[in-house]
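Enquirer: Give me coordinates for this.
(one chain, ligands or ions: 2)
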Amino acid sequence: MARPYAVPPARRPVDAVVEIPGSKSITNRALLLAALSDHMVTLDNVLFSDDSRNFLQCLVKLGFPVAFNETNKAVQIIGQNGAIPKRTAAIYVGSAGTAARFLSAMLAAGRGEYLVEASEQMSARPMAPLVGALREQGADFSFPGKPDALPFRIKSNGLQGGRVRLAASQSSQFLSALLMVACFSAADTEIAIEGELPAKPFVAMTLRMMADFGVKASHRDFKSFTVAAGQRYQGLDYAIEPDLSNAGYFFAMAALTGGTVLVRGASLDTLQGDIKLLDILKQMGCKVRPEEDGIRLTGPAGGRFPGVDVDMSGLPDQTPTVAALAPFAASPTIIRNIGFIRYHESDRLTAIVNELTRLGIRAEVNGDGLVIYPGTPQPAELETYDDHRMAMALALVGLRAPGIRIKHPECTAKTFENYFDLFDRTVQGVDSH
Ligand SMILES: O=C(O)C1=C[C@@H](OP(=O)(O)O)[C@@H](O)[C@H](O)C1
Ligand SMILES: C=C(OP(=O)(O)O)C(=O)O
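Expert: Ligands and ions are numbered 1, 2, ... in the order given. Alright, predicted model coming up:
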């Protein structure tokens, strides 16, 4: 186990150009759509991290012809047009929500008998609404452990399609999973959403990527979705965007220090809803400039900014980032409509309040949101709950407050293996231009 990471306080405004690995959400969708396609797919700028390596290993276990080269960030998959090569297999999805949800749906839409296993953390996260919707369409589930949770066995003989209800309020990934496999069902699929659908931009990403691979879906105001049976995904070459969820920490470094960061390859024209963090940072006085080779953000002079009042249901993964900036704001920060982040790698509402409190910062859960008050963080060793985003975001506090240590920094490997190396280099200005 790695030692805690001692955050180096920023002695001057950061001035850096950073390269962020490929998007987890796009990588794991592209891997699924490639496997489901009817031809060879070549993926570029693929993320290699725990979440995507687990996904790739699952595809290998299921018998898909997969070739990958980590140095070139490239993956080639020969899609099997909705079929799964192995009729029986056991897969391990690790802690990846996307792998757990997307691959379970693919197996339920296949024909065979499969065991899906997961880390302890993922086994505690919700699966029941997805299991229920897949069961309604003909898949058979059994549970060696807790009912309706991972690990489980799936016995499948194709999905029926038809009208399906989905309790979607705990995670948008249930819907993304159902949408991506629906074209292989016997009949057209109509999914009726029950409860408030969170993280809609991730569903929009799913719809856009399905369309890129050749399958259309329609929806009425994100409340009901239709996918016609018989459509097929095509083989193509596909480039993965840099991960804007992970770029957020580096933009935040510029905001906190009144410095400037260029994220190479980032664009306002993106599949990723987390780009909206830039709007929040603008409200804090940052300047955003799209340039030829990326997006540049310049923080407010002296790192002085006001608190914000923001609905973050569309960009839930940025909640820890905004929470880490909040103690340094001139007024309280209010974050709304993010109750569902209780179901992420940790109960993030509780985790954020616990760690801000440990820093001597007043922070409260308020219904489905958070209120965080300005203050002076005191030296502390912070817990990270085996949650990459808690580790990556809490480190930001240490740029402006001395004596901050981040426990178990290795947990960033879920989506960003060398995060703390890049963090160090960004603070020290090694990569600056
Ligand atoms: O579909 C996706 O790629 C994701 C959707 C969101 O999950 P929830 O809808 O479960 O919140 C997000 O938090 C996660 O990091 C990635
Ligand atoms: C919620 C997250 O991950 P997952 O894909 O496991 O749901 C996340 O990366 O913040």
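
Enquirer: Could you list the residues of the stretch 51-200 of the chain in contact with ligand 1?
Expert: Those residues of the stretch 51-200 of the chain that sit near ligand 1, judged by C-beta under 6 Å from any ligand atom, are Gly97, Thr98, Ser171, Ser172, Gln173, Ser176, Pro198, Ala199. For every residue, glycine as well, the C-beta is placed using N, CA and C.

Enquirer: if you set the cut-off to 8 Å instead, what comes out?
Expert: Counting by C-beta under 8 Å from any ligand atom, the residues of the stretch 51-200 of the chain close to ligand 1 are Gly97, Thr98, Arg101, Gln170, Ser171, Ser172, Gln173, Ser176, Pro198, Ala199.

Enquirer: out of those residues, which one sits closest to Tyr373?
Expert: Closest approach between those and Tyr373, by C-beta to C-beta: Pro198, at 25.9 Å.

Enquirer: Spit out the contact partners of the closest one.
Expert: Ala168, Ser169, Gln170, Ser171, Ser172, Ser313, Pro316, Asn337, Phe340 (C-beta atoms under 8 Å, 6 or more residues apart in numbering).

Enquirer: and the stretch 251-400 of the chain, which residues reach ligand 2?
Expert: So the stretch 251-400 of the chain meets ligand 2 at Pro316, Asp317, Ile341, His344, Glu345, Asp387, His388, Arg389 (C-beta under 8 Å from any ligand atom).

Enquirer: which helices and strands does the helix or strand hosting the last one pack with?
Expert: Secondary structure from DSSP states H and E places Arg389 in helix 388-400. Using 3 or more C-beta pairs under 8 Å, 6 or more residues apart in numbering; DSSP states H and E as the contact criterion, the secondary-structure elements in contact with helix 388-400 are strand 5-6, helix 244-257, helix 319-325, helix 348-358, strand 380-382, strand 404-406, helix 419-428.

Enquirer: cutoff 6 Å now
Expert: Helices and strands touching helix 388-400, by 3 or more C-beta pairs under 6 Å, 6 or more residues apart in numbering; DSSP states H and E, are helix 244-257, helix 319-325, strand 404-406.

Enquirer: Contact residues of the stretch 301-433 of the chain facing ligand 1?
Expert: With C-beta under 8 Å from any ligand atom as the criterion, the stretch 301-433 of the chain meets ligand 1 at residues Pro316, Asp317, Phe340, Ile341, Tyr343, His344.

Enquirer: Let's verify the second one: helix, strand, or coil?
Expert: The one in question is Asp317. helix (DSSP: H, G, I helix; E, B strand; the rest coil).

Enquirer: sorry, back to before: out of the contacts of Pro198, which end up buried?
Expert: Among the contacts of Pro198, those classed as buried by 16 or more other C-beta atoms under 10 Å are Ala168, Ser169, Gln170, Ser171, Ser172, Ser313, Pro316, Asn337, Phe340.

Enquirer: what ranges do the helices span in this protein?
Expert: 24-36, 50-61, 97-109, 120-123, 128-136, 173-181, 200-212, 244-257, 277-283, 319-325, 348-358, 388-400, 419-428 (DSSP state H).
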